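1. how does the following fold in three dimensions:
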Amino acid sequence: MKSGLSIMEQAQVDALMQGAEYPGSEFIHAGYTFAEVRSMAAHIHTTLEAAEDKAVCLAAESRAVMAAALLASLAGGPGLLLPYGLSERVLCRMQEESGFATILTDGERDFVGNCSAQIIRPQPMGDQKLPASFRAKPELELLRIFTGGSTGSPRVWSKTGVNIFGEALFLARHFKITENDCIVATVPPYHIYGLLFSVVLPLVTGARVVSATPSYPADIAATVQEHGATILAAVPAHYRALREQPLSGSSLRLAVSSAGMLARRDSLAFFHNNGVGVVEVYGSTETGGIATRNRAGGEEHFTPFSTVDWKLRDGRLAVRSPYISPDLPLMEDGYFLTADRVETRERGFFLQGRADGVTKVGGKRVDLEEIRGMIKKEPGVIDCVVQALPDTGGRGNRIGALVQGRGIDVRLLKKALAESLEPYALPRTCIIIDRIPIKENGKYDREAIARLLST
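-> The predicted structure is shown next:
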């Protein structure tokens, strides 16, 4: 396993920064060109050069602005802080954690209230370019990615240029992405999945990306058709919604799903309707991509990337990869032990669930033990179990809570939880019971609990 960019990959990134790659081509379909993106990068680098900021907040939805900021940072500019949302609430929490004083943003977006910072709105500056002497420094920290928790308290993962650009260059080879491709993404570019597939992949391949981020089935279908898109990067909830919305006359050659588990029937329905199988990419913000599968191609287990080493450790997946955040604790042999339980196959593995109490709802992390602890603090609660339950609405999971106690008002309990939990983390099912089912060995009877929560 390599630990940095190869000589050829380093040369590709250097050429990208200096304008040797795709100079007159569109980066945004019917929008900004690669030359204009590089001009914006020079504007950002010059503006921030004299600043003392070690990191700036990148709060933008424009894929061109995000691409320019990445190039400026890669050239030795300040590191970038990537939020998990663009609300004032999220940004203020980020500022409390990081102390940033500058926000790079797009359009007329305003940030008021308690989140006070210098606002910079990058624009193309004619023929301005990054100095020719600048060489990409992919070994340095490029990003710190904030991910939302159940209570909104963010977790932070750092990513180097090697992590981000190395993975994008691998994906480009793996999926054979070229300047002839056009990408539609239904996930915003400040999400790691959206960043890789709708910002960095176009940068390193010359592919065009559509500026819109459609989320409704009819809008997704119309956007793909209008732009002649060849690649769709979407999340499981959107593939679920597209079961009733075939992409008529579709030009797609590749459909990708990530940020949660895709239901088998949704995967096969998309293939049946559109003639294109959905490639699921398994991974996480902190580990980067790990493996893929395409059920339409008969693949039921995940096959790891050729750049990722893996093994089984105490029933859990351990990985060694150039895309892993440098923040993660590694074992002595350089592997990171994930919390995912797996069952091995000759060339891959089946996912068997989490070994910890973390699940995902609509692609967002939810800590079940954190919610359980909050419920147990409420008056009248003796014990409770919080479980992730299958959600037929396409969000992957929903949260259910079985609460043991007397005199508990479910309405008041949910109201109390809503004061601390993000909406997606709130238990949709909350049942009060005299006694939680227990097995003979004293452990919770998870099957009985799931049945109670599913009725």
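2. wait, a strand at Leu268?
-> No. Assigned with DSSP: H, G, I helix; E, B strand; the rest coil, Leu268 falls outside any strand and is helix.
3. pull the contacting residues for Ser215.
-> With contacts defined as Cβ atoms under 8 Å, 6 or more residues apart in numbering, Ser215 is in contact with 186, 238. Where you see a C-beta, it was placed from the backbone N, CA and C, and this is true even at glycine.
4. now it: which helix or strand?
-> For Ser215, there is no enclosing helix or strand under DSSP states H and E.
5. show me where pLDDT drops low in the stretch 51-200 of the chain?
-> Within the stretch 51-200 of the chain, the segments meeting pLDDT under 70 span 51-52, 111-114, 132-133, 149-153.
6. do a quick rundown of the strands in it.
-> Assigned by DSSP state E, counting those that start in this stretch, the stretch 51-200 of the chain shows strands spanning 55-59, 79-82, 102-105, 118-120, 141-147, 155-160, 182-185.
7. now these in TSV, with distance to Met40 and mean neighbour count?
-> What follows is the strands of the stretch 51-200 of the chain, written out as TSV (distance: least, Cβ to Cβ, whole Å; neighbours: other Cβ atoms under 10 Å):
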stretch	distance to Met40	mean neighbour count
strand 55-59	12	24
strand 79-82	14	24
strand 102-105	10	23
strand 118-120	11	15
strand 141-147	17	22
strand 155-160	21	20
strand 182-185	20	25
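8. so which of those comes closest to Pro246?
-> Closest to Pro246 of the strands of the stretch 51-200 of the chain, according to Cβ to Cβ: strand 182-185, at 15.6 Å.
9. what's the closest one packed up against?
-> Packing partners of strand 182-185 (3 or more Cβ pairs under 8 Å, 6 or more residues apart in numbering; DSSP states H and E): strand 208-209, helix 217-227, strand 231-234.
10. the top helix by length along the chain to strand 55-59, inter-axis angle?
-> Secondary structure assigned by DSSP state H gives helix 34-49 as the longest helix of the chain. If you take axes from the mean of the first three to the mean of the last three Cα atoms, to 10 degrees, helix 34-49 sits at 140 degrees to strand 55-59.
11. chain center to helix 34-49, what's the gap?
-> 26 Å (Cα atoms, centre = their mean, to the nearest Å).
12. buried stuff in it?
-> For helix 34-49, burial by neighbour count (16 or more other Cβ atoms under 10 Å) applies to 34-45, 47-48.
13. do the same with stretch 438-455
-> Those would be 445, 449-450, 452-453, for stretch 438-455 by 16+ other Cβ under 10 Å.
14. show residues contacting it.
-> With contact meaning Cβ under 8 Å, 6+ apart, stretch 438-455 is reached by 385, 387, 389, 400-402, 429, 431, 433, 436-437.
15. put the alpha carbons of that stretch into PDB.
-> Provided in PDB are the C-alpha atoms of stretch 438-455 (Å, rounded to 0.1, in the frame of the first residue of the first chain):
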ATOM      1  CA  ILE A 438     -34.400 -10.000  29.000                       C
ATOM      2  CA  LYS A 439     -32.900 -13.400  27.900                       C
ATOM      3  CA  GLU A 440     -32.000 -16.100  30.400                       C
ATOM      4  CA  ASN A 441     -28.400 -15.000  30.300                       C
ATOM      5  CA  GLY A 442     -29.400 -11.500  31.500                       C
ATOM      6  CA  LYS A 443     -28.900  -9.800  28.200                       C
ATOM      7  CA  TYR A 444     -31.500  -7.700  26.400                       C
ATOM      8  CA  ASP A 445     -33.600  -9.800  24.100                       C
ATOM      9  CA  ARG A 446     -33.000  -7.700  21.000                       C
ATOM     10  CA  GLU A 447     -35.300  -9.700  18.700                       C
ATOM     11  CA  ALA A 448     -38.200  -9.400  21.100                       C
ATOM     12  CA  ILE A 449     -37.500  -5.600  21.500                       C
ATOM     13  CA  ALA A 450     -37.300  -5.200  17.700                       C
ATOM     14  CA  ARG A 451     -40.700  -6.900  17.400                       C
ATOM     15  CA  LEU A 452     -42.300  -4.600  20.000                       C
ATOM     16  CA  LEU A 453     -40.900  -1.500  18.300                       C
ATOM     17  CA  SER A 454     -42.000  -2.700  14.900                       C
ATOM     18  CA  THR A 455     -45.600  -3.300  15.800                       C
END
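16. now it: how far from the chain's centre is it?
-> Relative to its parent chain, stretch 438-455 has a centroid offset of 33 Å by Cα atoms, centre = their mean.
17. mind checking the pLDDT average for that stretch?
-> Averaged across stretch 438-455, the pLDDT comes to 76.
18. would you map out the domains in this protein?
-> Domain segmentation of the chain under automatic domain parsing yields 7-353, 358-454.
19. most tightly packed of those?
-> Across those, the average number of neighbours (mean count of other Cβ atoms under 10 Å) peaks for domain 7-353, which reaches a mean of 19.
20. that concludes my questions; thank you for your assistance.
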